[in-house]
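Participant: make a model of this:
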Amino acid sequence: RGWNITTPPPPATKTKKEASFLFKIGNAYLDTKQWDKALPVYKKAHKIYKKILGAGSVQAVDTLSNIGSALKSMGEIEPALETLNECLPLYRALGVVDDLRVARTLYKLGWCHFPSGPQGLVRMSECWVEAHGIFTRRGDRSPEAREVADAIREW
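Facilitator: Okay, here's the model as predicted:
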């Protein structure tokens, strides 16, 4: 019926604010190359975003993309590929086809394909050419955009 000093309150519901806080902690871990710490924090944030906003929300997909980044950085290439490939149709369903989020996801996917031999290089170049088009149209000068542009000039 309620709670008192001997009966604890029910657990608080997870909020968007909590998920956002977790996302930022995950980013801090990712930025400091502590991928093993970033991954569980991102997964927790993703679970909350999915529950309160839906799996196709921008926040949930951004978090999923960062999960892919952490996996890639940890050398977990197959799970990273699966995760990042899951992001693209979700972003496109949100109408962010020409968005930097898509370009950065394609950039990450390209790196995941790199170590897998000649076919991987072909797929990497496909991802990076598509990413380059978006980076160029959006006028992005991020390190990722410059790396992609330099690689395409050399090809």
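Participant: outside of the longest helix anywhere in the chain, which residues touch it?
Facilitator: Longest helix in the chain by number of residues (criterion: DSSP state H): helix 117-138. Contact partners of helix 117-138, identified using C-beta atoms under 8 Å, 6 or more residues apart in numbering, comprise 98-100, 102-104, 106-107, 109-111, 113-114, 116, 140, 142, 144-145, 148-149, 151-152, 155. (Each C-beta comes from the backbone N, C-alpha and C, glycine too.)
Participant: just the buried members of these?
Facilitator: The neighbour-count test (16 or more other C-beta atoms under 10 Å) applied to the contacts of helix 117-138 identifies 99-100, 102-104, 106-107, 109-111, 113-114, 140, 144-145, 148-149 as buried.
Participant: give me the element the residue most central in space within the chain is part of.
Facilitator: Nearest residue to the geometric centre of the chain (C-alpha atoms, centre = their mean): residue 65, 1.3 Å. Element membership for residue 65, per DSSP states H and E: helix 58-73.
Participant: what's the spacing between the next helix or strand along the chain from that helix and its chain's center?
Facilitator: Moving toward the C-terminus from helix 58-73, the next helix or strand (DSSP H and E) is helix 77-93. Centroid separation for helix 77-93 versus its chain: 8 Å, with C-alpha atoms, centre = their mean, to the nearest Å.
Participant: all set, thanks.
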